[in-house]
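**Student:** take a look and give me a structure for this.
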Amino acid sequence: MSSELRLKKLRGSGGYVMATVSDEQQVKGNLGGPDLFLAPIGRLDAKTITKHFCNTCEKEFEGPPKIEFENPNEEVAENLILAERGQYICNSCNASIAEYREFKKPNEEVEVGSAKPLDPNATTAPAVEATTAPAVEATTAPAVEATTAPAVEATTAPAVEATQPSSAESVSSIEGRMVIDENANKVGTAKQVGIDGNTQSMVLVVVKNDGTEGSIPWASIKKVGEVILLGKPEEDTVQPGKCSECEFVNKEGSKFCEECGTKI
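**Tutor:** Residues are numbered from 1 along each chain as shown. Sure thing, here's the model as predicted:
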């Protein structure tokens, strides 16, 4: 692959930068659309950035924005390390132009395991019981990518109790947390917990890598920690009569589901 540098516009959630990037960096920043994005590329050398635009200021500035980062090197899930996190910041108003996270798998031959639980002493937001939205039982479906969602109502509670049977720890404010799938690929950034207007079930609203919004069924969330990990949730003992298709709990001894007709 050619290592030739080209001047490109790289977008973030709060603006964009103009920078010279290599072919390899362009591949990282290409999420399938016409635009290139900063988040998948990570930290650029400030010398390669010629201009930056801030959505808050609604103005383009010469030169690079401020780039602040840290290297926590902390384990956020089994076989997944948060190596670096940082952001591009407007020199004029200090608004965030883009954020990025870089993860590493110490063992590439092993899949990512369960996320580490939240620090029980963390009190970024008071936890409340999950009574503001109907509980959603964990399904057996594998993790899915965020898709464009129908109308979603935002819940008023700043935090909710984890609804998966295997996860009783409380979930503090999740806005801004990275959402990653079971293959350690970034899906997007959590925005809020909401209710699907059609099914009245709980969903996680995310800002996807391309800047659009989508939703993920809460039942597709495996664990919530420093990051939000998607995947098949760990399940308790299967209830007798529970339909594998729609999760409806039938009377014990039923041969067919009373809700959808699937053979039990």
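**Student:** what average pLDDT does the biggest helix by length in the chain get?
**Tutor:** Counting by DSSP state H, the longest helix found in the chain is helix 23-29. Confidence for helix 23-29, expressed as mean pLDDT, is 89.
**Student:** likewise for stretch 213-225?
**Tutor:** 82.
**Student:** quick check, pLDDT for F256.
**Tutor:** pLDDT, read off for F256, is 79.
**Student:** circling back: ok, residues contacting the longest helix of the chain?
**Tutor:** 1-4, 6, 8, 10, 21, 36-38, 40-42, 44 (C-beta atoms under 8 Å, 6 or more residues apart in numbering). For every residue, glycine as well, the C-beta is placed using N, CA and C.
**Student:** C-terminal to that helix, what's the next element?
**Tutor:** Moving toward the C-terminus from helix 23-29, the next helix or strand (DSSP states H and E) is strand 36-37.
**Student:** just name whatever secondary elements that next one is in contact with.
**Tutor:** strand 6-12, helix 23-29 (3 or more C-beta pairs under 8 Å, 6 or more residues apart in numbering; DSSP states H and E).
**Student:** between these, which one is nearest to F256?
**Tutor:** Among the helices and strands packed on strand 36-37, helix 23-29 comes nearest to F256, with 49.9 Å by C-beta to C-beta.
**Student:** show me which positions of the closest one end up buried.
**Tutor:** Q25, Q26, K28, G29 (16 or more other C-beta atoms under 10 Å).
**Student:** for these, which one is nearest I49?
**Tutor:** Q25 (12.3 Å).
**Student:** so which of the helices and strands packed on strand 36-37 gets nearest E62?
**Tutor:** strand 6-12 (14.1 Å).
**Student:** in that closest one, which residues are buried?
**Tutor:** Buried residues in strand 6-12 (16+ other C-beta under 10 Å): K8, L10, R11, G12.
**Student:** hang on, the earlier thing: using pLDDT, spot the least trustworthy of the contacts of helix 23-29.
**Tutor:** For pLDDT, the smallest value among the contacts of helix 23-29 belongs to M1: 46.
**Student:** returning to that earlier point: can I get the helices and strands packed on strand 36-37 in CSV with distance to V205?
**Tutor:** Output for the helices and strands packed on strand 36-37, formatted as CSV (distance: least, C-beta to C-beta, whole Å):
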stretch, distance to V205
strand 6-12, 19
helix 23-29, 24
